Every structure is written in C-alpha cells, then in structure tokens.
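Undergrad: coords below, sequence missing:
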C-alpha cells in the first residue's frame, strides 16, 4: 500500500505543531536518551553540544542534560512513554480557577509553572489508581510551560508525551528530568517525588510557630470590604469562647473607601485608614490581652494607580512594551527594598503577629523594560529573592511570626519562605477545601502547616452541611479557619463550631504530624486518611459517592475516627491495621470513633 503524504505539512507553523503534537524536522540540536521505558528528548534552539547521562537514585531514574556554555534561548525536554494502561492524569497545577484542575489524559493540555506558581510535574495512572509514571523536573524554579499530549506523527498513535519548555539566556548548567515508575498508588508516587526533590534541592521548610496551629478567623467572606474596628471587636468574645485564637484582617483596612477596587488601585502604601480603624494598635493590644494573635493582609507585589507611592515606584513596575502595570518587577532592587520596608513597617507599626501575603503568583506580566536588569531572564529566581526579602523582614521584627501563602504559590519551592499554606478561595465549597488541603499535604508536612480556606455558609444552611464542612477541614489536614460573622450566627451554629474546635484542639498535635494516605483511585482524592503511627491514631475521611468496603491502615494504628461525608448515608466499612480488623456500621453523616 502506498504511503500517504501530507502535502501541506511544510506549511504548518511551529505553534501549530506544538498545539497538535505532530513532529517536524526542525533546525535544532536534538539529543535522545532511552531510559526506564521512556524516550527523553532534549531539543535546543541554540548552538553547542549537550551531554546526557542517566542515573538511578532512590527508586527514580534521573536523566541529566548538561547544557553547553554560551547563548541558550528556548529549549524543550520531552518524555515519551507508551500510552498503555493510562486512564488519568494528576498535574502540578493545584487550583481549579479557569478549569485547571485537570484529571483526564486529554488530547492536549498545558499549564505554566515557576518558583511562585505550581510545579512542573505530571503523574499518569490507571483507573485503579496505580502509578504509571511520575515525570517532572528536579529544579522547579525557572518559568516552565508544561504540555502533555498524544503524539500524532502518523498512525497508529501510541505515545504519550510530557514536555517541559524553558527559555534562559545562557547555558552552562544541568537540567534533570525525574522519572518515577515505582508500583503503588499514584498519590504515594507523587509524595515520594516531592520528598526526593525537596531533599535533592536542599529545601528546608520554615517551621510554623505553635500558636499558628490554633483555629483562625478571617474577615474576608463575612465582611468583604465593609469592615470596621467595632466589627472586629464584636467578634472577639465569640472567638475566645469558641477557641479561635488568630484574627486575620483582610483587604479592607487601608482603603480610602469600602469598595472592591481599593484592594487593587490603592495597594502599595498600606497605611491604616483611621476612619474605619481609629485605634488599630489599641485593637492589637486588646487581642493580645485576650491571649490571641492578629494579622493583616497585603499584596506586596502591587502598587496601584491611586497609591501615593505610585510615582516613586512606577518605574520599577513591569512594562509589557505598551503598558506599565501595577505589578512590581522582582528583578529590580528597588522592588525588593520596597518589600522589606513595607513588611518591617507593618509588623512594627501595627504590632502584628504575622502577614497574609496575597497575589504572589503573578506569571502573566512579562517585563521588557530595558532599564531593568533581567539577568538571565529567570523570573522564578528573582521571585525567590523577593520572597526572601519579605520573610527576613517579617521575622526580623517578630521571629515567631506567621507568614501565610496560598496555593499555587504555596509549593515545594516556597516552603522556606512561608509557614502557613492555605488552599484556594472556596466560599461555600467544602469539597474543594478538602481537595486543596489534601493536595497541599502531599508535600506540606510538619513543621509546616496547612491552613484551610475560610469556612463560610449561607445563613439558612443546613446544620449537617456546616458540620461536614468544618469536619472536612480538619480531616483533610488543615488548621480550621472560618469567616463567619459570629454576632449573627444562631446558637446552633455556634454550638457546632464549638464542638469541632474542641475536637481539633484535642487532636491538634497528632493531626499536625500525621501522614496523608489516599485510598481512593479517583483523581479528587475522595477517600483519605491522616495516620500518625507513632500515636497509633488515624482520621479517615469518606467524601465520595459510596462508602468503601475496606480501608487498610498502617499496622500500628489502634484507634480511628471516621467522618462520613459521602453521598451514602448508611453502610459498613472494614478497617484493617496489620492483622487487626474491625467492621464498623455507619448510620448517617457524621463522626464515628473506633478502637481495637
């Protein structure tokens, strides 16, 4: 049979080739390595001869590419494997905004990463949840475009390609692809990848102060931009009674007017609006006298058009060739100096115990200002130094301060720069809170802390849903955090909160040092447990469609709590721990304790 030719193939643009996955002969330097049933391909746009080597280390296959000295530009690294027994994908982009919580193989998907945004890693697995290959880069710092697609060279299609694209001005360094084909659950493979990268990169997490493991109240969902000092003071008696020990004042304290635009256009100065908070230091003193802590929100990368500092700092904001944005360019020394001064002043002047640092995951602001020294173009490395400046300034004023980051700039690379890592905004959505906490607990382990996103519910919400939201925060590994106006709550709601806060405080230390285990095969981690083998305790969360028949716990577990948040209200589940086994009847949503 005569082989068909594509007469239009030479007309295809490089962009079309990238989007469709078709291959084309390019004038580039290609180097192909076979390793662990994968073909790993380096594609250079510059000159010079790269060198490849393969290393086996701790159950992983490492493919090293030593890139040549001199001008480099864009380069791609692709890992191709036979698409056999692969039904699902887990990606290193953690939040669901813009539909980015990818769970299927798909013909073609892409996402971007950097030191301050997600992780360059993909894990493919079977419908039974078995790992079929973790593929990622060892160095998570430089900006990276991650693409996974089916290779469409010619029929029959049979390869799945995971590709990483980076662009740096000069070479002379090593890039390493980490491949994990170990047998076992995909979540275990991901956690092993995280641990391996953290240890190889020498990443040390910033320890969380013990006070920051206490329950948190934030003003955001409950009051948005309409917040005053009396509003906060009215919460204090309720918070103290409920055992909530930290107050976070969100984006409304510095604005000239209570509007949603102020947080952006008036950002940068971060001076207290005394109309709304006439005596903030007095408020801080009262909070501290009650044995509580207080924090403020700020977005240190933003310098709004209406900020008094705008004229001074505008030259150091990013410029895309036509527009000067409100986002500071992290390459500029003046940007880092502003961040240091801002953090020190806020901590000192307002007697704070920490800062909630928001919008640190800016990626879509390429800066082409020739007056800025962009070095080798590594935006991730510049952001690390920006985050380091903030951290050092905060801890320089108060060594036991809390620094809150949010997914997706809560990632492996930023563990040294923050100690409280929160899930993405999820008002009303208890299931999303749970998933975000679980994703974070895959790499954010003790001595770091995961903060749940703030629990919020409608005034007429069912008590059962409120209870499951609070329980889900705790059983998915997060510090419970709430954003409810307790002056308007019913007694029933306050009682529910009080019971869950009491449960959390009783088990706080055990939960903090527990290890997350994912038992379900689905990509939304619907059945998980937090197990602390040293204490012999487990906290099992059922959040899927059905109650599973059996859950296997670690052999040393002797006591367990089961939270049934599944769609199946009644049924049986058998827990096994080594040779021990016990069958438990669940009769409705809620909490069940069992010991053996």
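TA: Yep, that arrived. If you're wondering where the values come from, they're calculated on a predicted model, not measured in any experiment. Residues are numbered from 1 along each chain as shown.
Undergrad: how near is residue 461 to residue 32?
TA: The spacing between residue 461 and residue 32, counted by Cβ to Cβ, to the nearest Å, is 57 Å. C-beta here means a position set from N, CA and C on the backbone, and glycine is covered the same way.
Undergrad: where does pLDDT dip in this protein?
TA: 1-28, 95-106, 258-262, 364 (pLDDT under 70).
Undergrad: domains of it?
TA: According to automatic domain parsing, the chain comprises the domains 13-201, 210-509, 516-595.
Undergrad: just say which of these is most tucked in.
TA: Across these, the average number of neighbours (mean count of other Cβ atoms under 10 Å) peaks for domain 210-509, which reaches a mean of 20.
Undergrad: quote the end-to-end distance of that domain.
TA: This stretch, domain 210-509, spans 9 Å end to end (Cα to Cα, to the nearest Å).
Undergrad: contacts only, for residue 138.
TA: 62, 175-178, 197, 200-201 (Cβ atoms under 8 Å, 6 or more residues apart in numbering).
Undergrad: quick check: it vs residue 172, distance?
TA: Going from residue 138 to residue 172 by Cβ to Cβ gives 17 Å.
Undergrad: next: residue 32.
TA: According to Cβ to Cβ, residue 32 and residue 172 sit 22 Å apart.
Undergrad: give me the nearest residue to residue 39, chain neighbours excluded.
TA: residue 80 (4.6 Å; Cβ to Cβ, 6 or more residues apart in numbering).
Undergrad: is it fair to say the one you found lies in a strand?
TA: Yes - secondary structure of residue 80 (DSSP: H, G, I helix; E, B strand; the rest coil): part of a strand.
Undergrad: quick check: it touching residue 41?
TA: Yes - with contact defined as Cβ atoms under 8 Å, residue 80 reaches residue 41; the gap is 7.1 Å.
Undergrad: could you pull out the helices for the stretch 151-300 of the chain?
TA: 186-201, 220-223, 229-242, 262-265, 280-289 (DSSP state H, counting those that start in this stretch).
Undergrad: would CSV of those with distance to residue 437 be doable?
TA: Listed next are the helices of the stretch 151-300 of the chain as CSV, based on distance: least, Cβ to Cβ, whole Å:
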stretch, distance to residue 437
helix 186-201, 13
helix 220-223, 17
helix 229-242, 21
helix 262-265, 25
helix 280-289, 26
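Undergrad: of all these, which lies closest to residue 505?
TA: Closest to residue 505 of the helices of the stretch 151-300 of the chain, according to Cβ to Cβ: helix 229-242, at 10.5 Å.
Undergrad: helices and strands around that closest one, which ones?
TA: strand 246-249, helix 280-289, helix 491-512 (3 or more Cβ pairs under 8 Å, 6 or more residues apart in numbering; DSSP states H and E).
Undergrad: got JSON lines for these, with distance to residue 472 too?
TA: Listed next are the helices and strands packed on helix 229-242 as JSON lines, based on distance: least, Cβ to Cβ, whole Å:
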{"stretch": "strand 246-249", "distance to residue 472": "20"}
{"stretch": "helix 280-289", "distance to residue 472": "28"}
{"stretch": "helix 491-512", "distance to residue 472": "10"}
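Undergrad: these: which one's closest to residue 547?
TA: Across the helices and strands packed on helix 229-242, closest to residue 547 is helix 491-512 (Cβ to Cβ), at 21.3 Å.
Undergrad: give me the residues contacting the helix or strand following the closest one.
TA: Next along the chain after helix 491-512, taking DSSP states H and E as the criterion, comes strand 515-518. Strand 515-518 is contacted by residues 129, 185-188, 191, 438, 441-442, 445, 477, 525, 527-533, 553-554 when judged by Cβ under 8 Å, 6+ apart.
Undergrad: out of those, list just those in strands.
TA: Mapping these onto strands (DSSP state E) picks out 527-532, 553.
Undergrad: quick check, nearest of those to residue 496?
TA: Taking Cβ to Cβ as the measure, residue 496 lies nearest residue 530 of the ones in strands among the contacts of strand 515-518, at 21.4 Å.
Undergrad: wait, is residue 359 part of a strand?
TA: No - going by three-state DSSP, the assignment for residue 359 is coil, not a strand.
Undergrad: list the contacts of it.
TA: Per Cβ under 8 Å, 6+ apart, neighbours of residue 359: 299, 301-302.
Undergrad: quick one: it from residue 251, how far?
TA: 10 Å.
Undergrad: and residue 109, by the same measure?
TA: Taking Cβ to Cβ, one finds residue 109 at 32 Å from residue 251.
Undergrad: roughly how far apart are the residue nearest to the spatial centre of the chain and residue 284?
TA: In the chain, the residue lying closest to the centroid (Cα atoms, centre = their mean) is residue 407, at 3.0 Å. Separation of residue 407 from residue 284 (Cβ to Cβ) stands at 28 Å.
Undergrad: and for residue 394?
TA: Following Cβ to Cβ, the distance that separates residue 394 from residue 284 is 16 Å.
Undergrad: residue 91 too?
TA: 42 Å.
Undergrad: from residue 495, how far off is the nearest residue in space to residue 520 that is not next to it in sequence?
TA: Sequence neighbours aside, residue 527 is the residue nearest to residue 520 in space, at 3.9 Å (criterion: Cβ to Cβ, 6+ apart). Distance from residue 527 to residue 495, counting by Cβ to Cβ: 29 Å.
Undergrad: please apply the same query to residue 458.
TA: To residue 495, residue 458 is 18 Å away according to Cβ to Cβ.
Undergrad: also residue 341?
TA: Computed as Cβ to Cβ, the residue 341 to residue 495 distance reads 46 Å.
Undergrad: for residue 580, same thing?
TA: According to Cβ to Cβ, residue 580 and residue 495 sit 35 Å apart.
Undergrad: can you check residue 31 too?
TA: Taken as Cβ to Cβ, the span from residue 31 to residue 495 is 65 Å.
Undergrad: and what of residue 124?
TA: Residue 124 sits 46 Å away from residue 495, taking Cβ to Cβ as the criterion.
Undergrad: then residue 439?
TA: The value you get for residue 439 to residue 495, if Cβ to Cβ is used, is 31 Å.
Undergrad: swap in residue 409?
TA: Taking Cβ to Cβ, one finds residue 409 at 37 Å from residue 495.
Undergrad: cool, residue 168 as well?
TA: 57 Å.
Undergrad: could you do residue 36 as well?
TA: For residue 36, the distance to residue 495 - Cβ to Cβ - is 55 Å.
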